[in-house]
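*Asks:* would you be able to build a 3D model of this:
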Amino acid sequence: MKTFIFALIALVALLAVVVLSGLLPSSSGGSPAPPSPAGVPTPTPEVTATPGIDAQEAKNEAEKVALEIFPETKIDRTTVELTGDGDYFLYECVVWTEDEKKIQVWIDPATGDRRPP
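*Replies:* Now for the predicted structure:
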(Lines give C-alpha, C1' and ligand atoms only; values in the text may rest on other atoms or scores of the structure.)
Protein backbone atom coordinates (compact mmCIF):
# COMPACT_ATOMS: atom_id res chain seq x y z
CA MET A 1 0.00 0.00 0.00
CA LYS A 2 2.87 2.39 0.78
CA THR A 3 4.32 1.74 -2.70
CA PHE A 4 1.00 2.63 -4.33
CA ILE A 5 0.69 5.91 -2.39
CA PHE A 6 4.33 6.81 -3.17
CA ALA A 7 3.78 6.09 -6.91
CA LEU A 8 0.55 8.12 -6.89
CA ILE A 9 2.28 11.11 -5.23
CA ALA A 10 5.19 10.87 -7.70
CA LEU A 11 2.75 10.74 -10.64
CA VAL A 12 0.76 13.75 -9.38
CA ALA A 13 3.99 15.71 -8.83
CA LEU A 14 5.21 14.85 -12.34
CA LEU A 15 1.91 15.94 -13.87
CA ALA A 16 2.02 19.20 -11.86
CA VAL A 17 5.53 19.96 -13.18
CA VAL A 18 4.45 19.28 -16.77
CA VAL A 19 1.35 21.46 -16.46
CA LEU A 20 3.15 24.33 -14.74
CA SER A 21 6.05 24.32 -17.20
CA GLY A 22 3.65 24.95 -20.08
CA LEU A 23 1.84 27.75 -18.27
CA LEU A 24 4.76 29.76 -16.92
CA PRO A 25 6.47 32.36 -19.13
CA SER A 26 9.83 31.48 -20.58
CA SER A 27 13.02 32.54 -18.83
CA SER A 28 13.39 35.52 -21.21
CA GLY A 29 10.32 37.09 -19.65
CA GLY A 30 8.03 36.68 -22.65
CA SER A 31 5.67 33.95 -23.60
CA PRO A 32 7.16 30.94 -25.37
CA ALA A 33 7.32 31.09 -29.14
CA PRO A 34 4.76 28.98 -30.98
CA PRO A 35 6.18 25.87 -32.57
CA SER A 36 6.79 26.03 -36.29
CA PRO A 37 4.83 23.55 -38.39
CA ALA A 38 6.91 20.54 -39.34
CA GLY A 39 7.64 19.99 -43.00
CA VAL A 40 6.75 23.53 -44.11
CA PRO A 41 9.77 25.21 -45.72
CA THR A 42 10.47 28.83 -44.87
CA PRO A 43 10.53 30.96 -48.04
CA THR A 44 13.73 32.90 -48.66
CA PRO A 45 13.36 36.37 -50.19
CA GLU A 46 15.07 37.25 -53.47
CA VAL A 47 18.03 39.48 -52.64
CA THR A 48 19.73 39.97 -55.98
CA ALA A 49 18.50 41.39 -59.24
CA THR A 50 19.03 39.79 -62.60
CA PRO A 51 20.26 42.83 -64.49
CA GLY A 52 19.76 43.36 -68.20
CA ILE A 53 22.89 45.53 -68.13
CA ASP A 54 25.93 45.04 -65.93
CA ALA A 55 27.69 47.50 -63.67
CA GLN A 56 30.28 48.40 -66.33
CA GLU A 57 27.54 49.38 -68.78
CA ALA A 58 25.83 51.41 -66.03
CA LYS A 59 29.14 53.17 -65.31
CA ASN A 60 29.56 54.04 -69.01
CA GLU A 61 26.00 55.40 -69.17
CA ALA A 62 26.49 57.50 -66.01
CA GLU A 63 29.69 59.01 -67.39
CA LYS A 64 27.87 59.77 -70.64
CA VAL A 65 25.19 61.62 -68.65
CA ALA A 66 27.85 63.57 -66.73
CA LEU A 67 29.48 64.65 -69.99
CA GLU A 68 26.09 65.74 -71.34
CA ILE A 69 25.64 67.96 -68.27
CA PHE A 70 29.23 69.25 -68.18
CA PRO A 71 30.63 68.73 -71.71
CA GLU A 72 34.09 70.19 -71.07
CA THR A 73 34.76 68.49 -67.76
CA LYS A 74 37.15 65.63 -67.08
CA ILE A 75 35.89 62.63 -65.12
CA ASP A 76 37.98 61.73 -62.10
CA ARG A 77 36.22 58.61 -60.80
CA THR A 78 32.87 56.78 -60.90
CA THR A 79 31.25 54.40 -58.44
CA VAL A 80 28.35 52.04 -59.18
CA GLU A 81 26.23 50.25 -56.58
CA LEU A 82 23.17 48.05 -57.11
CA THR A 83 20.55 49.19 -54.59
CA GLY A 84 16.93 48.30 -53.88
CA ASP A 85 14.85 45.52 -52.48
CA GLY A 86 12.10 43.18 -53.54
CA ASP A 87 11.30 43.71 -57.20
CA TYR A 88 12.72 47.24 -57.58
CA PHE A 89 16.46 47.69 -58.14
CA LEU A 90 18.56 50.56 -59.46
CA TYR A 91 22.21 51.12 -60.20
CA GLU A 92 23.19 54.16 -58.14
CA CYS A 93 26.08 55.78 -60.00
CA VAL A 94 28.14 58.66 -58.66
CA VAL A 95 30.48 60.47 -61.05
CA TRP A 96 33.11 62.85 -59.65
CA THR A 97 34.82 65.33 -61.94
CA GLU A 98 38.35 66.63 -61.54
CA ASP A 99 36.94 69.90 -60.20
CA GLU A 100 34.99 67.88 -57.56
CA LYS A 101 31.53 68.14 -59.06
CA LYS A 102 29.41 65.18 -58.00
CA ILE A 103 26.79 63.90 -60.45
CA GLN A 104 24.38 61.17 -59.38
CA VAL A 105 22.65 58.99 -61.96
CA TRP A 106 20.22 56.12 -61.32
CA ILE A 107 19.88 53.44 -63.99
CA ASP A 108 17.34 50.63 -64.23
CA PRO A 109 19.37 47.39 -64.45
CA ALA A 110 16.64 45.57 -66.39
CA THR A 111 16.32 48.12 -69.19
CA GLY A 112 19.29 50.49 -68.92
CA ASP A 113 16.90 53.46 -68.69
CA ARG A 114 17.74 56.43 -66.48
CA ARG A 115 15.42 56.62 -63.50
CA PRO A 116 14.66 59.12 -60.77
CA PRO A 117 15.73 57.92 -57.30
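*Asks:* Glu98 reaches Arg77, doesn't it?
*Replies:* No - if you go by Cβ atoms under 8 Å, Glu98 and Arg77 don't touch, sitting 9.5 Å apart. Where C-beta positions appear, they are placed from N, C-alpha and C, glycine not excepted.
*Asks:* gap between Ile75 and Glu98?
*Replies:* Ile75 is 8 Å from Glu98, where distance means Cβ to Cβ, to the nearest Å.
*Asks:* of the two, who's got more company?
*Replies:* Ile75 (16 against 10; other Cβ atoms under 10 Å).
*Asks:* contacting residues for the more buried one?
*Replies:* Under the criterion of Cβ atoms under 8 Å, 6 or more residues apart in numbering, the neighbours of Ile75 are Glu63, Ala66, Leu67, Val95, Trp96, Thr97, Glu98.
*Asks:* try it again with 7 Å
*Replies:* Neighbour list for Ile75: Glu63, Ala66, Val95, Thr97 [criterion: Cβ atoms under 7 Å, 6 or more residues apart in numbering].
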